[in-house]
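Peer 1: everything below, folded, please.
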Amino acid sequence: MDPLAAEVIDARDLGLLPHLGPVVAGRGANNHKGPVIAAILAVEAMQQAGVDLPVNLIFVIEGEEEIGSPSLPGFVEKHRELLLSADGIWLPCMQQNSSGVMTVRRGFKGCVFAQITCRGGAWGGPADGRHIWAGNSAWIDAPMMQLVRALGTMYDDEQRVTIDGVGAVAEAASLQFADDIAKVSAGFRENPAWSANMLGNLHVERALAGKDIADHVENYMTGVNMNIQGITGGYQGPTFYTSLPGEASARVDFRFPPGLTPEEFVQALRGHLDRRGFGHVDIDIPRGYAGAPSMPDDHDVLLDAGIVTAARYGVETAVWPIANNCCPASLFTALGKQIPFSVAGLGHGDRAHAADEYFTVGSVEKLMHFTVDYLGDFADAATRKSVTD
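Peer 2: Coordinates of the predicted model:
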């Protein structure tokens with residue numbers, strides 16, 4: 001299929017679960033073209049029907065998230081006064097899993113995107129970055145191999161980050177959300193279909209290290225995680241190449257619970273590499289944003305509204321305090337006051353960022369109906385809170 005075009009296709013043709021039926025598939029279908037258009041269509045329908053909106057809406061739409069949202073901080077600062085007037089931040093999403101449960105995500109992790117590079121120089125390796133005969137690796141430092149070794153110090157056998165100085169924020173988050181973590185883990189153990197459906201839709205035979213998904217919930221929610229997006233350097237041809245590359249780099253993303261800034265994380269990473277003798281490994285073009293912390297339960301009007309609205313449709317909810325997602329909308333929660341931030345919505349979709357990303361047919365309509373009621377339920381919850389404060 002064309003990854004840039006969406007089309008209706010049977011779920012089985014994508015290797016998805018048969019009970020999903022027809023799906024709309026294509027890059028960006030679920031993340032976030034479908035949800036965005038659903039919310040906009042719902043508001044348009046209310047206006048055309050002459051229904052007064054129960055809240056004032058500020059739409060912020062940007063298209064640079066996958067490259068670290070470099071333009072968004074300036075936009076947020078320019079419009080600080082307007083954005084500070086918000087009582088809540090909602091990211092419309094189709095949040096029902098393939099078993100029908102709606103996941104309410106209350107916060108996001110912070111992130112750092114960076115290029116980690118090892119170049120030849122005074123420390124060793126070809127000083128001018130040229131390739132040299134591979135036999136010299138017996139006595140000349142190899143930048144590619146140094147890069148691989150440096151990356152290997154950053155995580156353990158279960159892909160859990162081991163960078164010095166960042167574990168404390170994960171431990172604090174695990175303690176803070178211990179009850180929520182236990183509830184979600186128990187949900188996976190009590191409902192084996194949750195894990196089976198997730199792995200099936202992702203075309204994965206088993207979870208990390210052969211464990212249950214339930215065993216990884218804590219790390220997903222509150223751990224410090226990393227992903228090596230790609231490694232570049234040296235020979236990429238069809239056979240072999242008996243030369244030693246003079247430079248190699250890796251694109252990496254790191255995700256961490258609220259409590260660390262991107263600048264603090266990069267500083268910790270720099271210290272980690274230096275203490276292990278990798279001072280010659282550079283951290284290039286770092287960018288990112290801090291996490292969006294969860295609100296206390298008694299102040300989280302978005303959480304209350306999401307649960308109430310889902311119940312209107314007979315949909316069960318599961319509350320996740322933090323997700324392993326990183327989201328530039330967290331920039332709006334750091335403007336000087338803590339603003340509730342939530343992801344909620346009916347409908348089902350999955351395989352974000354893949355060419356066969358999808359949402360089920362009917363999900364747009366479900367999210368449209370959810371939007372109408374959610375805005376009203378949020379207004380009611382915000383009014384009740386203002387009366388009790």
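Peer 1: just the buried positions in stretch 192-210, please.
Peer 2: Using 16 or more other Cβ atoms under 10 Å as the test for burial, stretch 192-210 gives 194-195, 197-198, 201. Glycine gets a C-beta too; all of them are placed from N, C-alpha and C.
Peer 1: what of stretch 226-246?
Peer 2: For stretch 226-246, burial by neighbour count (16+ other Cβ under 10 Å) applies to 226, 231, 233-234, 243-246.
Peer 1: who's in contact with stretch 198-205?
Peer 2: For stretch 198-205, contacts defined as Cβ atoms under 8 Å, 6 or more residues apart in numbering pick out 15-17, 97-98, 206-207, 213, 350-351.
Peer 1: give me that answer again for 6 Å
Peer 2: If you take Cβ atoms under 6 Å, 6 or more residues apart in numbering as the criterion, stretch 198-205 is touched by 15-17, 350.
Peer 1: next, the distance between the ends of it.
Peer 2: Its first and final residues considered, stretch 198-205 spans 10 Å by Cα to Cα, to the nearest Å.
Peer 1: again with stretch 237-244
Peer 2: 14 Å.
Peer 1: mean confidence for it?
Peer 2: The average pLDDT for stretch 237-244 rounds to 91.
Peer 1: how far is it from where the chain is centred?
Peer 2: Distance, stretch centre to chain centre, for stretch 237-244: 36 Å (Cα atoms, centre = their mean, to the nearest Å).
Peer 1: try stretch 25-41
Peer 2: For stretch 25-41, the distance to the chain centre is 17 Å (Cα atoms, centre = their mean).
Peer 1: about what we covered before: out of the contacts of stretch 198-205, which are buried?
Peer 2: Taking 16+ other Cβ under 10 Å as the criterion, what is buried in the contacts of stretch 198-205 is 16-17, 350.
Peer 1: now, the residues you listed that are in helices?
Peer 2: Per DSSP state H, helices hold no members of these.
Peer 1: least trustworthy helix or strand in this protein by mean pLDDT?
Peer 2: Least confident helix or strand of the chain, by mean pLDDT, DSSP states H and E, is strand 7-10 with a mean of 79.
Peer 1: now the element after it, going C-ward?
Peer 2: The helix or strand immediately downstream of strand 7-10 is strand 22-25, counting by DSSP states H and E.
Peer 1: show me where pLDDT drops low in the stretch 101-250 of the chain?
Peer 2: Of all residues in the stretch 101-250 of the chain, none has pLDDT under 70.
Peer 1: please enumerate the helices of it.
Peer 2: With DSSP state H, counting those that start in this stretch as the criterion, the stretch 101-250 of the chain has helices at 143-152, 167-176, 178-190, 192-201, 217-222.
Peer 1: any idea which of those helices gets closest to Ala45?
Peer 2: Nearest to Ala45, of all the helices of the stretch 101-250 of the chain, is helix 192-201, at 30.4 Å by Cβ to Cβ.
Peer 1: so, low pLDDT: which residues of the stretch 251-389 of the chain?
Peer 2: 295-298, 387, 389.
Peer 1: Ile213 versus Gly63, what's the distance?
Peer 2: From Gly63 across to Ile213, the span is 32 Å (Cβ to Cβ, to the nearest Å).
Peer 1: mind checking which of those two has more residues around it?
Peer 2: Higher neighbour count among Gly63 and Ile213: Ile213, with 19 against 9, using other Cβ atoms under 10 Å.
Peer 1: how much space is there between the nearest residue to the more buried one once chain neighbours are set aside and Asp300?
Peer 2: Spatially, and ignoring its direct neighbours in sequence, Ile213 is nearest to Ser195 (4.2 Å; Cβ to Cβ, 6 or more residues apart in numbering). Distance of Ser195 to Asp300, computed by Cβ to Cβ: 28 Å.
Peer 1: strands along the stretch 51-200 of the chain, start to end?
Peer 2: 89-92, 102-105, 108-119, 132-133 (DSSP state E, counting those that start in this stretch).
Peer 1: quick check: buried residues in stretch 315-328?
Peer 2: Buried-residue list, stretch 315-328, by 16+ other Cβ under 10 Å: 315, 317-328.
Peer 1: redo these as TSV? Include secondary structure and distance to Arg130.
Peer 2: Conversion of the buried residues of stretch 315-328 to TSV gives the following (DSSP: H, G, I helix; E, B strand; the rest coil; distance: Cβ to Cβ, whole Å):
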residue	secondary structure	distance to Arg130
Val315	coil	61
Thr317	strand	59
Ala318	strand	55
Val319	strand	56
Trp320	strand	50
Pro321	coil	51
Ile322	coil	46
Ala323	strand	45
Asn324	strand	40
Asn325	strand	41
Cys326	strand	37
Cys327	coil	42
Pro328	helix	39
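Peer 1: okay, now the sheet partners of the least confident helix or strand of the chain, with direction.
Peer 2: Strand 7-10 pairs in its sheet with strand 22-25 (antiparallel), by DSSP bridges.
Peer 1: mind listing what's buried along the partner strand?
Peer 2: Quick answer for strand 22-25 (16+ other Cβ under 10 Å): 23-25.
Peer 1: from the contact counts, what lies against the helix or strand that that strand is followed by?
Peer 2: The helix or strand immediately downstream of strand 22-25 is helix 34-48, counting by DSSP H and E. If contacts are counted by 3 or more Cβ pairs under 6 Å, 6 or more residues apart in numbering; DSSP states H and E, helix 34-48 sits against helix 363-388.
Peer 1: against which helices or strands is the helix it packs on packed?
Peer 2: helix 34-48, helix 301-312.
Peer 1: so which bits of that helix are buried?
Peer 2: Those would be 363-364, 366-379, 381-382, 385, for helix 363-388 by 16+ other Cβ under 10 Å.
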